[in-house]
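K.L.:
Let me see the structure of the following:
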Amino acid sequence: MADSFELELVSPESLILSETVEMVVVPGEEGDFGVLPGHAPVISNIRPGTLAVFEGGTVKQRFFLAGGFAEVTKERCTILAEGALLIEDIDRASVEQEVRDLREDVTSAADENERARAEMSLAVAEAKLHSVDAPSYSGGH
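P.N.:
All right, here's what the predicted structure looks like:
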């Protein structure tokens with residue numbers, strides 16, 4: 001079995017990352033899941049959360065994913081993210097303000113559609129805040 005595989009992280013705007021990695025942990029809709037070389041093929045929805053990229057048994061990079069899909073094969077993991085940011089590039093104060101504003105939007109929504117949109121945006125912003133605050137995985141596989 002190979003000791004690495006190809007990871008591609010794509011957002012609607014651009015190809016964010018394309019490199020050979022040894023492991024990733026993906027925020028799947030039903031929970032986080034690890035991908036190692038030779039992984040069984042799977043397609044999964046992604047919930048807003050943290051993508052951890054491992055090298056040398058430790059986390060090399062962490063990205064906040066706003067949702068999307070992951071396709072895993074034995075040789076590749078392709079992530080089509082609705083939005084992706086390096087965790088280190090996220091300004092915590094800005095996200096806290098975004099959460100406050102969105103909570104107000106939920107409360108003051110004129111109708112159910114507007115409220116639902118605001119609640120979805122709020123869930124993503126709260127997940128982003130959680131990703132900023134969450135410790136990195138300390139160990140590898």
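
K.L.:
any weak-confidence spans in this structure?
P.N.:
Along the chain, segments meeting pLDDT under 70 span 1, 137-141.

K.L.:
For the residue nearest to the spatial centre of it, grab phi and psi.
P.N.:
The residue lying closest to the centre of the chain (CA atoms, centre = their mean) is Leu65, at 2.6 Å. Phi and psi for Leu65, reported as degrees, to the nearest 10, are phi -110, psi 130.

K.L.:
for Glu112, same thing?
P.N.:
Dihedral angles of Glu112 (phi, psi; degrees, to the nearest 10) stand at phi -60, psi -40.

K.L.:
what about it, distance to Arg103?
P.N.:
17 Å (CB to CB, to the nearest Å). For glycine as for every other residue, the C-beta is placed from the backbone atoms N, C-alpha and C.

K.L.:
what about Ser94, distance to Lys128?
P.N.:
10 Å.

K.L.:
Then Ile16?
P.N.:
Distance of Ile16 to Lys128, given as CB to CB: 16 Å.

K.L.:
quick one, what contacts the residue of the chain positioned farthest from its centre?
P.N.:
The outermost residue of the chain relative to its centre, with distances by CA atoms, centre = their mean, is Ala110 at 30.7 Å. Contact criterion CB atoms under 8 Å, 6 or more residues apart in numbering gives no residues in contact with Ala110.

K.L.:
which ones are touching the residue nearest to the centre of the chain?
P.N.:
Per CB under 8 Å, 6+ apart, neighbours of Leu65: Pro27, Ile46, Pro48, Gly49, Thr50, Leu51, Ile79, Ala81, Glu82, Gly83, Ala84.
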